[in-house]
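Q: predicted model and sequence below, questions to follow.
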Amino acid sequence: MGKGYLPVIMGIVVLLLSPLVGAQSVVAMESVVILDDRDLGIEGVAVSPDGKSILAHGAESAIFVMESEAPRNNSKVDFIGGETLMDASFHPSGNTALLVGEEGLVLRFISTNNTIENAGGASTFGSTELKAISWNGDGSWAYIGGEGGWIWRFRSLDGGGVEAIPLENRGESDVNAISCLRGYNICIVSSSVDGIGVINQEHELFWIGGYGNPWVDVACPSSITMECIVISSDLTIARIRMNIEDPSETTIYDNDIVQLQGFEGVMTGINIQTDGNSLISLAPFGLIEHDLDEGKSFHWLDNTDAVDFDTSISGQRVVSTWGTGAFDGWIITDSGTIVSFTTATQSEGGAMLEIWIGIIILGGTTLMIVSLLTSSSPRLSRWITKKIGSEEERKSVIREERMLSRKKGRA
């Protein structure tokens, strides 16, 4: 090979190696949608069963409905109120959703015409701040949790009335979240002090462990394995393997509760990204992915990358997320800012394509040398696979990198 090829080859090597040092985040932030010029005090979102609609809610009874794939297509639902809406849950049919909040407020959202009607209030729940709601698997009952350990089973009656029955064996601390298994009338409860509870098919509540931890949220992300993930504000995760035959026999073992190492911040919520995968929201602004199959947690979006994207957005609180693909989706903040995220390496795909075109033009000798370089450098090979590989190949490489990262003590 002539000496004239050496500078060209070295240039290619530099182009290939230079992007290897960069942000730790798996995803990058992209598009921004602002729901309103003022701070909306958003508290959460509910995703419709078909995944197409998002219902956002917050302070002063603000309610927005939007398309999950394109949240720019949104509208404010017409309702006047002063209470903060704390949580919402779509009925399994997708036709309605219930929203709960301060002063015992319960609202019903009708998806066919985007209207709101009162479904409960102080006469039913007193002045209790209602903090959590979830429909059970067949939509026969919703469970509503609130401050002071209160939990009700709730449903509408023919003729326009409602039925709300308090559950026995309640705790004394706030019920922060309730999540029900898809297709089963079994639900899991997280509380501020009383630990983690399970509600069985007969509406009986059993406390199964985790007493004393500030459990803030729960998600049951898999449609195959009957497992749920409960998170605590102090970076603690509990993995709950539900006993479907007898939920009261569900057990939390010592190794089911783990405090994450290598992460910073306070956990504030958990949402399903894809089947088996959840995203945990952090304060300050950040995301952790939890993979149910691997039973591990990984860096997803680090605060430093959020700051680099927009310091004003990074100072807001992540309220919720929803996925539109394996590595794609949206983040919504308390102010009402919505930011899309996608695989961090995709934006550099054009540059990588140009590199490979250049390699092909230079001829077989250069291509052979670059091939030798990639085969001798697993790191370089992984980077190239993420650039031009298929979706499955990219996911496999990202998992491999996470395994290597975990071996180095990054959790």
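A: Yep, that arrived.
Q: strands of the stretch 101-250 of the chain, residue ranges please.
A: 106-110, 115-120, 130-135, 142-146, 151-156, 162-166, 175-180, 187-191, 196-199, 205-209, 215-219, 227-232, 236-241 (DSSP state E, counting those that start in this stretch).
Q: quick one, which of those is nearest to Asp87?
A: strand 130-135 (5.0 Å; Cβ to Cβ). (Each C-beta comes from the backbone N, C-alpha and C, glycine too.)
Q: buried sites along the closest one?
A: Of the residues in strand 130-135, 130-135 count as buried by neighbour count, 16 or more other Cβ atoms under 10 Å.
Q: farthest pair within these?
A: Largest pairwise distance in the buried residues of strand 130-135, by Cβ to Cβ, is 16.1 Å, between Lys131 and Trp135.
Q: returning to what we had before: will you turn the buried residues of strand 130-135 into CSV that also has pLDDT and distance to Val77?
A: Putting the buried residues of strand 130-135 into CSV (pLDDT from 0 to 100; distance: Cβ to Cβ, whole Å) gives the following:
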residue, pLDDT, distance to Val77
Leu130, 98, 19
Lys131, 98, 21
Ala132, 98, 21
Ile133, 98, 17
Ser134, 98, 21
Trp135, 98, 19
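Q: make TSV from those residues and add distance to Asp291 to it.
A: Listed next are the buried residues of strand 130-135 as TSV, based on distance: Cβ to Cβ, whole Å:
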residue	distance to Asp291
Leu130	32
Lys131	28
Ala132	25
Ile133	27
Ser134	23
Trp135	26
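Q: nearest to Gly295 among the residues you listed?
A: Closest approach to Gly295 among the buried residues of strand 130-135 (Cβ to Cβ): Ser134, at 23.8 Å.
Q: give the burial count for the residue lying closest to the closest one once chain neighbours are set aside, as a bare number.
A: The shortest distance from Ser134 to any non-neighbouring residue, by Cβ to Cβ, 6 or more residues apart in numbering, is to Ile178 (4.3 Å). By other Cβ atoms under 10 Å, 26 other residues sit near Ile178.
Q: so what pairs up with Ile178 in the strands?
A: Val189 (DSSP bridges).
Q: doesn't Ala132 make contact with it?
A: Yes. Checked against Cβ atoms under 8 Å, the pair Ile178 and Ala132 is within contact range at 4.5 Å.
Q: so what sits against both of these two?
A: Shared contacts of Ile178 and Ala132 (Cβ atoms under 8 Å, 6 or more residues apart in numbering): 143-145, 189.
Q: of these, which pair is most distant in space?
A: Ile144 and Val189 (11.1 Å).
Q: helices of the stretch 251-400 of the chain, start to end?
A: Remark: helices assigned in the stretch 251-400 of the chain by DSSP state H, counting those that start in this stretch are 303-309, 311-314, 349-362, 364-376, 378-388, 391-407.
Q: ok so, going back, and the strands of the stretch 101-250 of the chain: which comes nearest Asp36?
A: Closest approach to Asp36 among the strands of the stretch 101-250 of the chain is made by strand 115-120 (17.7 Å; Cβ to Cβ).
Q: in that closest one, what's buried?
A: Judged by neighbour count (16+ other Cβ under 10 Å), strand 115-120 contains these buried residues: 116, 119-120.
Q: measure His204 to Ile80 for me?
A: Just so we're on the same page, residue 204 is Glu rather than His. 39 Å (Cβ to Cβ, to the nearest Å).
Q: any weak-confidence spans in the stretch 151-300 of the chain?
A: Within the stretch 151-300 of the chain, not a single segment meets pLDDT under 70.
Q: care to break the protein down by domain?
A: 33-343, 348-407 (automatic domain parsing).
Q: could you say which of the ones you listed is packed most deeply?
A: domain 33-343 (a mean of 19; mean count of other Cβ atoms under 10 Å).
Q: got any ranges where the stretch 301-411 of the chain has weak pLDDT?
A: The stretch 301-411 of the chain contains residues with pLDDT under 70 at 345-395, 397-399, 401-411.
Q: do that again at 90, thanks
A: 344-411 (pLDDT under 90).
Q: Asp305 against Ala28, yeah?
A: Yes. Under the criterion of Cβ under 8 Å, Asp305 makes contact with Ala28 at 7.3 Å.
Q: tell me the contacts of the closest residue to Asn271 other than its chain neighbours?
A: Nearest in space to Asn271, with sequence neighbours left out and distances taken as Cβ to Cβ, 6+ apart, is Thr321 at 4.8 Å. With contact set as Cβ under 8 Å, 6+ apart, Thr321 has these partners: 271, 273, 279, 281, 287, 329-332.
Q: who's Thr321 bridged to?
A: Beta-bridge pairing of Thr321 under DSSP bridges involves Ile331.
Q: would you mind measuring from Leu205 to Val162?
A: Taken as Cβ to Cβ, the span from Leu205 to Val162 is 20 Å.
Q: right, I mislabeled it, should have said Thr236
A: From Thr236 over to Val162 the distance is 36 Å, taken as Cβ to Cβ.
Q: ditto for Gly94
A: Between Gly94 and Val162 the distance is 20 Å, computed by Cβ to Cβ.
Q: please apply the same query to Ile231.
A: 31 Å.
Q: swap in Ser297?
A: Taken as Cβ to Cβ, the span from Ser297 to Val162 is 40 Å.
Q: cool, and Asn185?
A: Distance, Asn185 to Val162, by Cβ to Cβ: 19 Å.
Q: Ser222 too?
A: In terms of Cβ to Cβ, Ser222 sits 32 Å off from Val162.
Q: same check on Val216?
A: Distance of Val216 to Val162, computed by Cβ to Cβ: 28 Å.
Q: residues in contact with the spatially closest residue to Glu129 that is not a sequence neighbour?
A: Excluding its sequence neighbours, the residue lying closest to Glu129 (Cβ to Cβ, 6+ apart) is Glu147, at 4.7 Å. Contact analysis of Glu147 by Cβ under 8 Å, 6+ apart lists 128-129, 131, 174-175.
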